[in-house]
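**Student:** model this:
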Amino acid sequence: MELAKEQRNAIFRAVATGGLDPSECELNYETYLTIKHIPTGSWLLAPPVTDGPRFTMWRWQIGTDPAITIGEPGIAIDLNQLLGSITNWSNQIVDWIDAPDLWELRHKWKNLSGRYNDGLNTPFTPEEQEGISAQLADIRASIKETYALTAEQEKNLDARFEEAEKASKRLGRKDWVLLFMGGLFSLILTDAITPGIAEHILTMAVHGFDVFLSAGPRALPGRAQ
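**Tutor:** A predicted model of the protein is given here:
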């Protein structure tokens, strides 16, 4: 199969329009028209059926998700029509990169809360409560510096973090983990925050709160007993 420079450039622009960096992609058209996104292993494959070129039964794969067939048997489209699918493929890869696996995030928190038994559901010490407040402030500041939050998103986050800070003064450590996790996932499920923001919060929280949660009351690092 042959492609003119204008056609190759049109494919380049379609990939870029979808949000990917074309320099991270490879184009091959010796037999099939194939585009690969190297960092994620994603690909789009369009077998030509006639000169022109025209294509039918094109397929793609997004990251590690299962490959899917886009075209229909016996229905051929030209390159100009395929460009829309290329842009869609590119855009879906961008979304796939940005979206965390919510099951994996939940698994992280389940593992953290699963370390405890009822005997370790002890209250936080005043020093630990101060440490949790500081960690929550750090996470909130990092989110606001990293993301362009809407006023509604900022309001929802502030409310959840204030609730978590107050709860650290009355709940045991296991119950506090469950409250914090439940509040965050409720924000995701109601689309109050994006999954990317939630992943950022959870990643910082897993590391930042572990010192307070992985054992019973103790002195914090660098502080006197």
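
**Student:** what's near enough to touch Ile93?
**Tutor:** 18-20, 37, 40, 42, 62-63 (Cβ atoms under 8 Å, 6 or more residues apart in numbering). C-beta: built from backbone N, CA, C; applies to glycine.

**Student:** filter those to the buried ones?
**Tutor:** Buried by 16 or more other Cβ atoms under 10 Å: 18, 20, 37, 40, 42, 62, out of these.

**Student:** keep only those of those residues that are in strands.
**Tutor:** Taking DSSP state E, the ones among these that sit in strands are 37, 42.

**Student:** could the buried ones among the contacts of Ile93 go into JSON lines alongside pLDDT?
**Tutor:** As requested, those are exported to JSON lines (pLDDT from 0 to 100):
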{"residue": "Gly18", "pLDDT": "95"}
{"residue": "Leu20", "pLDDT": "95"}
{"residue": "His37", "pLDDT": "97"}
{"residue": "Thr40", "pLDDT": "95"}
{"residue": "Ser42", "pLDDT": "97"}
{"residue": "Ile62", "pLDDT": "95"}
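
**Student:** so which pair among the buried ones among the contacts of Ile93 is furthest apart in space?
**Tutor:** Spanning the widest gap among the buried ones among the contacts of Ile93 are Gly18 and Thr40, at 13.0 Å by Cβ to Cβ.

**Student:** got the contact list for Ala76?
**Tutor:** With contact taken as Cβ under 8 Å, 6+ apart, Ala76 is in contact with 49-50, 54-56.

**Student:** again, only this time at 6 Å
**Tutor:** By Cβ atoms under 6 Å, 6 or more residues apart in numbering, the residues touching Ala76 are 49, 54, 56.

**Student:** now Thr61: how far from Gly172?
**Tutor:** Not quite, residue 61 is Gln, not Thr. 46 Å (Cβ to Cβ, to the nearest Å).

**Student:** quick one, which of those two is more surrounded?
**Tutor:** Gln61 (19 against 16; other Cβ atoms under 10 Å).

**Student:** show me what that one is bridged to.
**Tutor:** Here Gln61 sits in beta bridges with Trp43, as judged by DSSP bridges.

**Student:** stretch 174-184: how far from the chain's middle?
**Tutor:** 20 Å (Cα atoms, centre = their mean, to the nearest Å).

**Student:** which of the residues in that stretch are buried?
**Tutor:** Result for stretch 174-184 [16+ other Cβ under 10 Å]: buried residues 174, 176-177, 179-181, 183-184.

**Student:** then stretch 191-211?
**Tutor:** In stretch 191-211, counting by 16+ other Cβ under 10 Å, buried: 192-194, 197-202, 204-205, 208-209.

**Student:** surely Arg140 touches Arg160?
**Tutor:** No: if you go by Cβ atoms under 6 Å, Arg140 and Arg160 don't touch, sitting 9.7 Å apart.

**Student:** who has more neighbours, these two?
**Tutor:** Set Arg140 next to Arg160 and count neighbours by other Cβ under 10 Å: Arg160 wins out with 22 against 18.

**Student:** got the confidence number for that one?
**Tutor:** On pLDDT, Arg160 comes in at 89.
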